[in-house]
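Undergrad: got a predicted model here, sequence first, then my questions.
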Amino acid sequence: MKFSGKIAMVFGGTRGIGFTVSKALIEEGAFCYITGRNEEDGYRAQDILGSNARYLSTDVTDERSVADLFSLIEANHGRLDLAVNNAGVTTKRASVSELDLKEWRRVLDINLVGPLVLMSRQIGLMARNNNASIVNVSSCGGVLGQPRQSAYSTSKAALNMLTQVAALECANPPYGQHVVRVNAVCPGPTLGGMNTEERRRANPESTQEKIQSTAMKRFANPEEISAAIVWLLSEQASYVTGTLLSVDGGFSAGKF
Ligand SMILES: NC(=O)c1ccc[n+]([C@@H]2O[C@H](COP(=O)([O-])OP(=O)(O)OC[C@H]3O[C@@H](n4cnc5c(N)ncnc54)[C@H](OP(=O)(O)O)[C@@H]3O)[C@@H](O)[C@H]2O)c1
């Protein structure tokens with residue numbers, strides 16, 4: 001098994017893409033901490049994932065709950081091998097001229113400052129051992145601008161740059177520390193999670209827009225995104241760091 005004996009953290013692992021990644025990591029032998037704010041979702045996910053999953057209610061914007069999570073992992077294992085910073089939110093579509101600054105800051109806080117705070121703690125813990133790897137879950141919306149999505153697109157574009165800066169800082173560490181590889185996956189529109197059947201039915205226009213925005217004219221299945229994340233976490237990607245991997249059905253390949 002690829003991740004036998006590894007300790008993993010999937011931040012935002014209770015639903016959607018994060019849940020699918022957690023499942024794949026556990027199937028490959030990892031012990032996986034999953035987080036999210038909604039406890040009902042969290043405990044349901046933990047039950048489905050089984051005894052190698054542990055849910056902890058954590059809000060990425062609450063420094064204390066993040067600190068408690070890392071203290072617990074440090075006390076229980078003294079190490080962290082794999083981290084997926086997946087927690088992310090979208091917001092109501094609005095143009096820049098219709099700015100709602102409070103909402104803008106909320107999105108930046110969760111999608112950008114969140115992974116920054118997480119990585120600042122993850123790197124120290126992960127650099128103690130060989131083959132540690134972080135994947136930030138970004139978006140195709142951070143690769144190409146999307147009208148009426150300034151907060152989301154900006155948060156993910158900045159997350160891409162943050163990923164590359166962190167990758168450079170962790171690629172050649174001082175004596176006694178180990179390399180931590182840091183990469184991002186930029187998914188295209190994906191089923192489940194932010195695109196449940198209920199949401200797709202309630203928003204037929206934006207659903208069609210999303211389908212048409214991809215060259216392949218379809219949504220991804222969450223497994224197609226998690227396969228890329230799992231590969232980046234694995235030793236098969238041992239020479240890959242600072243990469244922004246688009247998994248988007250051709251969304252960012254050009255204009256069509
Ligand atoms: N689905 C897509 O089409 C798509 C496309 C491109 C990129 N992405 C990106 O992929 C990631 C996952 O998307 P998804 O569709 O699977 O979303 P999702 O089903 O809404 O899952 C998001 C996860 O993040 C957690 N989360 C949200 N805010 C949080 C906070 N403040 N603190 C801690 N956890 C928080 C959620 O749990 P709680 O709500 O309980 O906290 C949940 O576990 C996101 O970063 C998203 O931007 C998704």
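TA: Arrived safely. Residues are numbered from 1 along each chain as shown.
Undergrad: from here on, just use CA atoms for contacts and neighbour counts.
TA: OK.
Undergrad: once you drop chain neighbours, what's closest to the residue nearest to the spatial centre of the chain?
TA: In the chain, the residue lying closest to the centroid (C-alpha atoms, centre = their mean) is Asn86, at 2.2 Å. Once flanking residues are discounted, Asn86 sits nearest to Val137: 4.9 Å by C-alpha to C-alpha, 6 or more residues apart in numbering.
Undergrad: so what's the backbone phi/psi at that neighbour?
TA: phi -90, psi 110 (degrees, to the nearest 10).
Undergrad: what's the answer for Gly42, then?
TA: Dihedral angles (degrees, to the nearest 10) for Gly42: phi -60, psi -50.
Undergrad: now do Leu245
TA: Torsion angles, degrees, to the nearest 10, at Leu245: phi -90, psi 110.
Undergrad: so for it, what's the nearest residue that isn't a sequence neighbour?
TA: Leu245 sits nearest to Val185 (C-alpha to C-alpha, 6+ apart), 4.7 Å away.
Undergrad: picking up where we left off before, Val84 is in contact with the residue nearest to Asn86, correct?
TA: Yes - shown here, Val137 and Val84 form a contact pair, counting by C-alpha atoms under 8 Å, at 7.2 Å.
Undergrad: average model confidence for the helix ranked longest in the chain?
TA: In the chain, with assignment by DSSP state H, the single longest helix is helix 150-170. Averaged over helix 150-170, pLDDT sits at 98.
Undergrad: ok, now stretch 232-239?
TA: 98.
Undergrad: run through who's touching it.
TA: 2-3, 82, 131-135, 181, 183, 231, 240 (C-alpha atoms under 8 Å, 6 or more residues apart in numbering).
Undergrad: kindly check the end-to-end length of stretch 44-60 for me.
TA: 20 Å (C-alpha to C-alpha, to the nearest Å).
Undergrad: residues contacting that stretch, please?
TA: Contacts of stretch 44-60 (C-alpha under 8 Å, 6+ apart): 14-15, 19, 22-23, 26, 30-39, 42-43, 65-66, 69, 87, 110, 114, 118.
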